[in-house]
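Undergrad: What would the 3D arrangement of this be:
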Amino acid sequence: MSMTTTLCDPAETMESDFERYRRELHVHCYRMLGSFEDAEDAVQETLLKAWRSRATFSGDGQRAWLYRIATNVCLDGLRRSGRRPVTVSSFADVPWLQPYPDRLLDELSPEAVVVARETIELAFIAAIQLLAPRQRAVLILREVLDWSAAETADLLDTSPSAVNSALQRARATLRDQLPAHTGTTTELSETERAVLAAYVSAHERCDVDALVAVTARDVRITMPPQPLCYQGIDSLTPLVEVAFGPNRMGDWHVVPTTANRLPAAACYLRRPGETTWIAFKLDVLRVVDGRIAETTTFDHTLFDRFGLPGMI
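TA: Numbers count the residues shown, from 1 in each chain. You can find the predicted model right below:
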């Protein structure tokens, strides 16, 4: 009787090792770039570069090695695009901003750092776009991933003192940009769940009064990539008329979900005379003191990443 022993192909093993870091690398690139789709391209380029350079990998610190490649891919992309807002008075100043589905954040491996709200919320992602690319990298590596100054300096080919200096400048820039601390939670609060449920119900019933009841007087609505910013509940009259008025564009079916650790509503529109609900928009809500303080409306581009169909 003969026995056959199957040996693992080292190349296949390395490729599998690379793939298990794909999601956390994608989150890292998303923070760097502010765009879900750009982050996907950056991760694909990272893994391709890693595969082509596999012969130079010593076998130690694979995760750090991949982060080095990913960070440099992002830095190169930012240099090419020159994409950096002068100010972030609202999300309208960051037209490339896209949401991140919580369902994908929850796929991260146990060894990855838990993605807390304060490190993925839209306000944080938008605010760090103000930073120079290397400052942005330093802030993310030091403050979000909890790397040491020495580890960060090694990744960026600089000195620990330069890293600490960049971190201080980054903190100073962000000091007045971020909203009140939202904590490290990864789950919606009961209040947020209740407000989201009310928002869904108001949409489906086209009930303006119900919507106003859960909306702050100084609410702000933006619609990246459109350069539009509506400030205050009185400014919403034209939007409400189009969405809920007698001559509205159609009827709504709304699916509650979450994005960037915030409540979100995936809205489907059924136009007059039609029988199918078509994916239309994604509203990401920021709730303060039991009311909607901010709504960021995105198109339906990423519905599939949220596990949502294009039509119902």
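Undergrad: how about the nearest residue to the spatially most central residue of the chain, chain neighbours excluded?
TA: The residue lying closest to the centre of the chain (CA atoms, centre = their mean) is Tyr100, at 3.6 Å. Nearest residue to Tyr100, sequence neighbours excluded (CB to CB, 6 or more residues apart in numbering): Asn260, at 5.3 Å. Every C-beta, even on glycine, is put in place using the N, C-alpha and C of the backbone.
Undergrad: what do you get for Asn247?
TA: Closest residue in space to Asn247, ignoring its immediate chain neighbours: Glu241 at 7.8 Å, by CB to CB, 6+ apart.
Undergrad: For that neighbour, report the pLDDT, please.
TA: Glu241 is assigned 88 on the pLDDT scale.
Undergrad: likewise the one 4 residues further on?
TA: pLDDT, the model's per-residue confidence, is 87 for Gly245.
Undergrad: on that earlier part again, helix/strand/coil for the residue nearest to Asn247?
TA: With DSSP: H, G, I helix; E, B strand; the rest coil as the basis, Glu241 sits in helix.
Undergrad: State the distance from it to Arg134.
TA: 47 Å (CB to CB, to the nearest Å).
Undergrad: which one of these two has more residues nearby?
TA: Shown here are Glu241 and Arg134; by other CB atoms under 10 Å, Arg134 has more neighbours (17 against 13).
Undergrad: neighbours around Arg248, how many?
TA: 16.
Undergrad: was I right about it contacting Cys206?
TA: Yes. Between Arg248 and Cys206 there is a contact under CB atoms under 8 Å: 6.6 Å.
Undergrad: on that earlier part again, show me the contacts for the residue nearest to the centre of the chain.
TA: Shown in contact with Tyr100 (CB atoms under 8 Å, 6 or more residues apart in numbering): Val27, Tyr30, Phe36, Ile120, Ala259, Asn260.
Undergrad: now do 7 Å
TA: Residues near Tyr100 by CB atoms under 7 Å, 6 or more residues apart in numbering: Tyr30, Phe36, Ile120, Ala259, Asn260.
Undergrad: and of the residues you listed, the nearest to Arg220?
TA: Asn260 (16.2 Å; CB to CB).
Undergrad: Report how many residues lie close to that closest one.
TA: 24.
Undergrad: Number of residues surrounding Ser109?
TA: With other CB under 10 Å as criterion, Ser109 counts 10.
Undergrad: And the pLDDT at it?
TA: Confidence for Ser109, expressed as pLDDT, is 71.
Undergrad: list the contacts for it?
TA: Each residue near Ser109 by CB under 7 Å, 6+ apart is listed here: Arg20, Glu24.
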